[in-house]
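S.K.: Okay, structure incoming, though there's no sequence with it:
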């Protein structure tokens, strides 16, 4: 996904059509499209040839992009969940695993990275009303497994801003919600996690458009990716103009929200009231 | 969270009052975001990149200049922590976090180091609070204040720093934002006056007498995108900030020449004066 979008950006910047690119690596136009959407595995030599065609000559940049080939081809831990994972979300898991900074804004629900099992189950049931119990279990288990990221050796920094609504809506009932709020306080104590709440009393805020995530990667020449989830698909934006806009809204939200210290105090207040 | 022993009500004061939204304008360039762009960061917008590029066009050594300023910050803080034994830092004009940051360098030498970051930009502060979280043994705090509000800064910093013990006051590439009419010398003297003997001042300032023509042109280019007046100062003018203090070797020099780590660094061009001095 990450490598694919980079290849597309580089190809477009170089003014090269998918047909021309396909010709260069002895493949079809649709192969290029599949590569750029991360649907097929990459060959080191093909990527090297494409980079040359796109005029990427700087050794460091080439090395950085070629290093992504292995990463892109490696099977993620989530591959065994492929039966319940839509393509559009599988791509997100790949990005999440590669990110160094994950910034999220949540309007309705607590972010998946911080959900307790009880809360995750309640959210999953809401989204998959007619799914058999077994499938619900697998979906919850996938979400729990995803949280291993938070204390992995290469853990990204996660900076999450939540609307008070996400904390007040008692998903799964008051008991589940109380445990969820306690989990948030614990998570906020992790050295790589920052949680901020935008309380109702602040009035309207910059995030009225809905929940979204901005992912940042270590490589200097990889742009941030804004991720917006929809019901049956997701948007991945990596054009600078789009990302700038999401980053700006995220920055305003972070400045409008309570500080991390104030947020922990606020969470404790809500627990008392829940 | 942000510190081992946060002052009882200190950080609470940082929450803006209800209904009072912080104001920012992303249609004009912003000094911290342009700086982030020059440093290779990703927290900047089109207008900042345009301003940054225009300035670099006018003064091609500018990128070296700002990067060597960041390296000077790292060397100066390391010197203060490792050689001068300083455990308290007041870093005013924090900017958008760029590793290594002051608390990381200081707390690598002594985890108990206490650092107060001060900035007047709400977005910079949000980044500082989220990303500049220090060692649990030490303390890291964040103040929303303008450099000119010396009383506010000193009062609030006193909740985290002990002003009966030596403090390093760190003012990196910020004094050019204080015009002479706002009494920059008086401001700096307020800080050096508030700290005890054995304290330090570490400072850098954009020069008016290094590559003067190109640097002035770069300033005017940035000025087309950002309504902020910038005042650059000469070597004697910058020396005045250290009045009555004892300069640490090698004195006030272009920032790459201040105790360069690889010797090659010293040869890099830079249009900033930098120095460290001890209060007698």
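M.R.: Looks like it arrived, so ask away. If you're wondering where the values come from, they're calculated on a predicted model, not measured in any experiment. Numbering: from 1, shown residues only, chains lettered A, B, ... in the order given.
S.K.: Which of the helices or strands spans whatever residue of the stretch 1-150 of chain A ends up closest to chain B?
M.R.: Distances from the stretch 1-150 of chain A to chain B, computed as CB to the nearest CB, single out residue A:101 as the nearest residue at 8.3 Å. C-beta here means a position set from N, CA and C on the backbone, and glycine is covered the same way. Taking DSSP states H and E as the criterion, the element that holds residue A:101 is strand A:99-106.
S.K.: same question, residue A:213
M.R.: Using DSSP H and E, residue A:213 falls within strand A:212-217.
S.K.: Mind listing the strands that strand pairs with, and their directions?
M.R.: Strand pairing for strand A:212-217, determined by DSSP bridges: strand A:99-106 (antiparallel), strand A:225-229 (antiparallel).
S.K.: Which parts of chain A are strands?
M.R.: For chain A, strands defined by DSSP state E occupy the ranges A:99-106, A:157-163, A:193-198, A:212-217, A:225-229, A:234-237.
S.K.: Quickly, which of the ones you listed bottoms out on average pLDDT?
M.R.: Mean pLDDT is lowest for strand A:234-237 out of the strands of chain A, coming in at a mean of 91.
S.K.: How about that one and chain B, any contact?
M.R.: No: remark: strand A:234-237 sits outside contact range of chain B, by CB under 8 Å from any CB of the partner chain, the gap being at least 14.3 Å.
S.K.: From the rest of the structure, what touches that strand?
M.R.: Applying CB atoms under 8 Å, 6 or more residues apart in numbering or on different chains, the external contacts of strand A:234-237 come out as A:1, A:5, A:88-89, A:91-92, A:95, A:225-228, A:243, A:246.
S.K.: Please apply the same query to stretch B:216-236.
M.R.: By CB under 8 Å, 6+ apart, the list of residues contacting stretch B:216-236 reads B:28-31, B:34, B:47-48, B:50-52, B:54-59, B:62, B:175-180, B:184, B:205-209, B:215, B:252, B:273.
S.K.: Can you say which of those residues are buried?
M.R.: Among those, those classed as buried by neighbour count (16 or more other CB atoms under 10 Å in any protein chain shown) are B:29-31, B:34, B:47-48, B:50-52, B:54-56, B:58-59, B:62, B:175-178, B:184, B:205-208, B:215, B:252, B:273.
S.K.: just those residues that are near chain A?
M.R.: Intersecting the buried ones among the contacts of stretch B:216-236 with the contacts of chain A gives an empty set (criterion: CB under 8 Å from any CB).
S.K.: And the most centrally placed residue in chain B, how close does it get to chain A?
M.R.: In chain B, the residue lying closest to the centroid (CA atoms, centre = their mean) is residue B:172, at 3.2 Å. The span separating residue B:172 from chain A equals 22 Å under the rule CB to the nearest CB, to the nearest Å.
S.K.: Give me the mean pLDDT for the one helix or strand residue B:142 maps to.
M.R.: Element membership of residue B:142 [criterion: DSSP H and E] is strand B:139-144. When pLDDT is averaged along strand B:139-144, the result is 92.
S.K.: Ok, stretch B:155-172 next?
M.R.: Rounded to a whole number, the mean pLDDT of stretch B:155-172 is 97.
S.K.: Buried residues, it. List them.
M.R.: For stretch B:155-172, by 16+ other CB under 10 Å, it's B:156-157, B:159-161, B:166-172.
S.K.: Check the gap between residue B:189 and residue B:181 for me.
M.R.: Counting by CB to CB, to the nearest Å, the separation of residue B:189 from residue B:181 is 16 Å.
S.K.: One more: residue B:139?
M.R.: Using CB to CB, one gets 36 Å for the distance from residue B:139 to residue B:181.
S.K.: Check residue A:168 too.
M.R.: 50 Å.
S.K.: and if you look at residue B:222?
M.R.: Distance of residue B:222 to residue B:181, given as CB to CB: 20 Å.
S.K.: Show me which of those two is the more surrounded one.
M.R.: residue B:222 (20 against 8; other CB atoms under 10 Å in any protein chain shown).
S.K.: Please, where are all the helices along chain B?
M.R.: Taking DSSP state H as the criterion, chain B contains helices spanning B:31-38, B:46-58, B:62-78, B:102-109, B:122-131, B:150-157, B:184-194, B:212-223, B:235-239.
S.K.: just flag whichever of the ones you listed has the lowest average confidence.
M.R.: The bottom spot among these, by mean pLDDT, belongs to helix B:122-131, with a mean of 90.
S.K.: What residues does residue 84 make contact with?
M.R.: In the absence of a named chain, this looks at chain A. Neighbouring residues of residue A:84 by CB under 8 Å, 6+ apart: A:135, A:138-139, A:142.
S.K.: Sorry, I should have been clearer: chain B.
M.R.: B:168, B:200, B:248, B:278.
S.K.: In space, what's closest to the last one - neighbours in sequence excluded?
M.R.: I take that to be residue B:278. Leaving aside its chain neighbours, residue B:278 sits nearest to residue B:246 (4.7 Å; criterion: CB to CB, 6 or more residues apart in numbering or on different chains).
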